[in-house]
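>>> sequence and predicted structure, then a few things I'm wondering about:
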Amino acid sequence: MEVRKSAEDYLEAILMIKEKQGYVRSVDIAEHLGITKPSVTYSTKRLKANGYITMDHANMISLTDEGMAIASEIYTRHKVLTCFFTALGVDPEIAREDACKVEHDLSHETFEALCKYAEKFE
């Protein structure tokens, strides 16, 4: 199943927030992504319906196994691309922004080739 860029952004944000503070609420996602709480409410309903997240009785958000797999892949791409761009001499903030743009559209084949290429310089 193909996952839309916006869903990937949400799942990645949930993972990042969970790693940072140990729990995730809708308001945390809204703050992290710089969007409104109603937008988060709409999107989390869709993510829940698609089986990517669960919400408990206190409205704490958790990734399902399928959601975690997608979030982990995107977050790994983000970290690797940010490091790669920074190593090329790009300002770290610009590198993070560019990685966020590229992480969704880069093919698996190109990403793997980039990783192999980067290994030569470690």
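Alright, I've got the coordinates. Numbers count the residues shown, from 1 in each chain.

>>> against residue 4, how distant is residue 50?
10 Å (CB to CB, to the nearest Å). The C-beta positions use only the backbone N, C-alpha and C, and glycine is treated the same way.

>>> tell me which element residue 10 falls in.
Applying DSSP states H and E as the criterion places residue 10 in helix 5-21.

>>> tell me which other helices or strands the helix or strand that that helix is followed by touches.
Proceeding N to C from helix 5-21, the next assigned helix or strand is helix 26-33, under DSSP H and E. Contacts defined by 3 or more CB pairs under 8 Å, 6 or more residues apart in numbering; DSSP states H and E place helix 26-33 against helix 5-21, helix 37-49.

>>> most packed of the ones you listed?
helix 5-21 (a mean of 18; mean count of other CB atoms under 10 Å).

>>> which other residues reach that one?
Contact with helix 5-21 is made by 3, 24, 28-29, 32-33, 40, 43-44, 46-47, 50, 52-53, 61-63, 67-68, 70-72, 74-75, 78, 103-104, as judged by CB atoms under 8 Å, 6 or more residues apart in numbering.
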